[in-house]
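S.K.: Kindly return the folded structure for what I paste below:
(2 chains)
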Amino acid sequence: MGIATKVSGDGTEICISVDGRFDFSSHQEFCKAYEAVDAYPEQYIVDMNATTYLDSSALGMLLLLRDHAGGDHAKVSIINCNDDVKKILTISNFEQLFDIH
Amino acid sequence: MLVASDEKPLKILIADDSDTDRLLLKAIIKSQGHDPLLASDGLEAIEIFKNEHPDIILLDAVMPNLDGFDTARFIKANMGAAFVPIIFLTSLNEADSLAQCLEAGGDDFLTKPYHSVILRAKIKAFKRMLDMHNTLANQKNVIEDHNLRLIREQEIAKRTFDKVAHEGMLHAHNIEYSLSPMAVFNGDVLLAAVRPNGNLCVLLGDFTGHGLAAAIGAMPLSQTFYSMTAKGFPIRDIVTELNKKLKDILPVGIFCCAVVIDMDFSNESIEIWNGGMPETYIFSAHDKSLQPMPSSHLALGILPAHQFISKTTVLKMKTGDQFFMWSDGIIEAENPDGEMFGQSAVEELFQEELQAGHSYLSRIVDTVNHFVAESEMSDDISIAEITMVSKEAFDDKNPRRIVTAPLSAMDWAFSYEVRRTSLKTTDPLPIIQKLLLDAPSFRGRIGAVFTVLTELYSNALEHGILKLDSSMKKTPDGFAEYYELREQRIRSLNEGFIRFDIDYVGDDFEGKLLIRVTDSGEGFDFESVAALSDIDSKSFKGRGLLIIRNLCDQLRFIDSGNIVEVEFL
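M.R.: Numbering: from 1, shown residues only, chains lettered A, B, ... in the order given. Sure thing, here's the model as predicted:
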């Protein structure tokens, strides 16, 4: 399980990708991924291309990210979800809070 | 040679059949400040090992009676938790024989001729190892003690927890459930209560995380659920309040997925709110249909109050139909190969006929447990099965007792009118029900009083003001449509009122309670419905009135039928 961060050249966009299982053990790394960034990006992207599994603590971490990004004013997208991940996000109705692709 | 003052002398067993070698080693050991113990063959060595518990053993490979290899094997097998290093004394240089020493349990070798310095170095190294081993063993004990203490504390805390998040009405005869605790606390909670009007409310909740952090949110959740159901609040109000409370107290990222249902036996319907839990199902045995209902809301504790949506879905359930809900632990249960159980696997379990005495719930639980088998990975598996029964059957098996302080004679009247905006947003019943508790002579029948009150209010609102036609409810689709329409018409309501006029005179033994409900609607042709005894109890139109007539002592329609008066004597 690995977490990588990419910030766009002008600092307005930050993309965090999660490899493997996104669960309770990812907590520290995930928080560091967006907290350690100097810029204040307008757009946050979470890339789930290589994410195999998502549990409720991962959902909680997404909520923490959204809160950090400005809560109701945040722009957070979750992209490249596979079927399993999509299903979990659908059951949780997270499309009401995030832009999901 | 002096022993350093902080070094305890070691007991070292020397087992060698050669007298000269034995004495030589004894001298070397003594000169290093340690205590030599002597044995001349394997059997003696074992005796000394058993009685004196040496710290280190110097063992000759070739001895009469029992050779070094067998002696080593025996000692290693009987060391228990202690670590007793064995150094083989050997003049054999071939690799094979040395390997044999190791296989027999030897930790090291000492070859002839014996050098004092080499022996001293080996003893020192093994002493370090012994110290490390003992430190580890001690630390393990400390950790185990600590762990036991934590578990004990949790067990004590759990007793308070169980009193608050108690089982309520879970023992009701139409409820079957399984809650599987993974730790002393788990993140799942299942609550059940009967509302004053006789409806059954059940909540299945799943907090994020596990253990104490997850379970602690269940305390305020349970308290709020039980107190609001007891006061007769509808589940929309209950989930609104639960969301607000959890949002206030839980940190960001912690939330509670939940299904809350209200089962109405006289209306043969179920009202469902699902936030973040897997689809719930209604299974109809007679036509084997399995109807899934997905969750449409975010879990409790995520949205601020002004964004929270409490909209519920109302569905018809015939007597014998069963409602199922479970936490995602079932879907995510993994077998030792890492495969997940999955939604479709659960759905398939409804295909086969049930054997007598079995339930779908027990089949689901057994199948999942088999699937999970010995894999360590397993979530909390929680599942509930609730069967629709007739109101009489439910009330009969689960008599309601509403306990309040004893009162003496009472003589009061009050009027409560909900108009326009209140009509749209507020449920007046909890307040009125609370006031009705001050009718001491009806304590024993208070359930009947509340049921009648609820029916009168529903009639006034749905038929009098919203002008809904209850014959719509005859078909399952029409049923759902009816409630959608109800929702729409309430939202676009601009005028109207419902007034309750209530009058009571009495004491603990006898009294008279008069309840009059007036609505601003046009009334109805009550004369044609007058012959209530002719009403087919399955006909929806007269159903509510039939219930009222059966429960109260006098029923009167006034004016155009928009005023209904009931008396309890």
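S.K.: neighbours of B:Ala61, just the number please.
M.R.: A count of nearby residues for B:Ala61, using other Cβ atoms under 10 Å in any protein chain shown, gives 22. Every C-beta, even on glycine, is put in place using the N, C-alpha and C of the backbone.
S.K.: Output the below-cut-off pLDDT ranges for the chain.
M.R.: Because you didn't say which chain, this covers chain A. A:1 (pLDDT under 70).
S.K.: Wait, chain B was what I had in mind.
M.R.: B:1-6, B:92-94, B:180-186, B:210, B:374-380, B:400-407, B:528-543.
S.K.: Show me which residues of it are close to chain A?
M.R.: Chain B has residues B:206, B:208-209, B:252-255, B:257, B:275-279, B:294-299, B:302, B:328, B:332 near chain A, with proximity defined as Cβ under 8 Å from any Cβ of the partner chain.
S.K.: if I've got this straight, A:Val46 is in a strand?
M.R.: Yes - counting by DSSP: H, G, I helix; E, B strand; the rest coil, A:Val46 is found in a strand.
S.K.: contacting residues for it?
M.R.: Neighbouring residues of A:Val46 by Cβ atoms under 8 Å, 6 or more residues apart in numbering or on different chains: A:Cys15, A:Ile16, A:Ser17, A:Val18, A:Leu62, A:Leu65, A:Val76, A:Ser77, A:Ile78, A:Ile79.
S.K.: give me that answer again for 7 Å
M.R.: A:Ile16, A:Val18, A:Leu62, A:Val76, A:Ile78 (Cβ atoms under 7 Å, 6 or more residues apart in numbering or on different chains).
S.K.: What distance do you get for B:Lys288 to chain A?
M.R.: Counting by Cβ to the nearest Cβ, to the nearest Å, the separation of B:Lys288 from chain A is 25 Å.
S.K.: That residue - how many residues pack around it?
M.R.: 11.
S.K.: Just say helix, strand or coil for A:Cys31.
M.R.: Relying on three-state DSSP, one would call A:Cys31 helix.
S.K.: Enumerate the residues of chain A near chain B.
M.R.: Counting by Cβ under 7 Å from any Cβ of the partner chain, chain A comes close to chain B at A:56-57, A:59-61, A:63-64, A:67, A:91-93, A:96-97.
S.K.: again, only this time at 8 Å
M.R.: Residues of chain A lying near chain B (Cβ under 8 Å from any Cβ): A:24, A:55-57, A:59-61, A:63-64, A:67, A:90-94, A:96-97.
S.K.: Counting neighbours, which of those end up buried?
M.R.: By neighbour count, with 16 or more other Cβ atoms under 10 Å in any protein chain shown, these hold A:55-57, A:59-61, A:63-64, A:91-94, A:97 as buried.
S.K.: now, the most widely separated pair of those?
M.R.: A:Leu64 and A:Ile91 (19.7 Å; Cβ to Cβ).
S.K.: Not counting sequence-adjacent ones, nearest residue to residue 69?
M.R.: Just going to use chain A. Closest residue in space to A:Ala69, ignoring its immediate chain neighbours: A:Tyr44 at 5.0 Å, by Cβ to Cβ, 6 or more residues apart in numbering or on different chains.
S.K.: Oops, wrong one, chain B.
M.R.: B:Ala104 (4.0 Å).
S.K.: which residues does the one you found contact?
M.R.: The neighbours of B:Ala104, taking Cβ under 8 Å, 6+ apart as the test, are B:Gly68, B:Phe69, B:Asp70, B:Ala72, B:Arg73.
S.K.: Contact partners for the fourth one?
M.R.: For B:Ala72, the residues meeting the contact criterion (Cβ under 8 Å, 6+ apart) are B:Leu59, B:Ile86, B:Phe88, B:Cys101, B:Ala104, B:Gly105, B:Gly106.
S.K.: Looking at the residues you listed, which one is closest to chain A?
M.R.: Distances from chain A to the contacts of B:Ala72, taken as Cβ to the nearest Cβ, are shortest for B:Gly105 (39.6 Å).
S.K.: May I ask which of the contacts of B:Ala72 has the most neighbours?
M.R.: Going by other Cβ under 10 Å, B:Leu59 tops the contacts of B:Ala72 with 28 neighbours.
S.K.: Which strands and helices lie in contact with the helix or strand that contains it?
M.R.: In this structure, B:Leu59 sits in strand B:56-60 according to DSSP states H and E. If contacts are counted by 3 or more Cβ pairs under 8 Å, 6 or more residues apart in numbering or on different chains; DSSP states H and E, strand B:56-60 sits against strand B:11-15, helix B:42-52, helix B:68-77, strand B:86-90, helix B:116-164.
S.K.: now with 10 Å?
M.R.: When contacts are defined as 3 or more Cβ pairs under 10 Å, 6 or more residues apart in numbering or on different chains; DSSP states H and E, strand B:56-60 sits against strand B:11-15, helix B:19-31, strand B:35-39, helix B:42-52, helix B:68-77, strand B:86-90, strand B:108-111, helix B:116-164.
S.K.: Is B:Gly168 located within a helix, as I assumed?
M.R.: No - using three-state DSSP, the secondary structure at B:Gly168 is coil, not a helix.
S.K.: what are the phi and psi values for it?
M.R.: In terms of degrees, to the nearest 10, the main-chain angles of B:Gly168 are phi 50, psi -120.
S.K.: Run a quick check on it versus B:Val202, I expect a contact.
M.R.: Yes - using Cβ atoms under 10 Å, B:Gly168 is in contact with B:Val202, at 8.8 Å.
S.K.: Settle it for me: which of the two has more neighbours?
M.R.: The neighbour comparison of B:Gly168 against B:Val202 (other Cβ under 10 Å) goes to B:Val202, with 27 against 20.
S.K.: buried ones in the longest strand along chain A?
M.R.: Criterion DSSP state E: the longest strand present in chain A is strand A:13-22. Under the neighbour-count criterion of 16+ other Cβ under 10 Å, strand A:13-22 has A:Glu13, A:Ile14, A:Cys15, A:Ile16, A:Ser17, A:Val18, A:Asp19, A:Phe22 buried.
S.K.: Likewise for stretch B:219-228?
M.R.: Buried, per 16+ other Cβ under 10 Å, within stretch B:219-228: B:Met219, B:Pro220, B:Leu221, B:Ser222, B:Thr224, B:Phe225, B:Tyr226, B:Met228.
S.K.: Now tell me what touches that stretch from outside.
M.R.: For stretch B:219-228, the surrounding residues in contact (Cβ atoms under 10 Å, 6 or more residues apart in numbering or on different chains) are B:160-161, B:163-166, B:168, B:189-193, B:195, B:201-203, B:205, B:207, B:218, B:233-235, B:237-239, B:241-242, B:244-246, B:248-250, B:256, B:258, B:260, B:300-301, B:430.
S.K.: Could you pull out the strands in the stretch 301-450 of chain B for me?
M.R.: Secondary structure of the stretch 301-450 of chain B (DSSP state E, counting those that start in this stretch): strands located at B:313-316, B:322-326, B:382-387, B:410-419.
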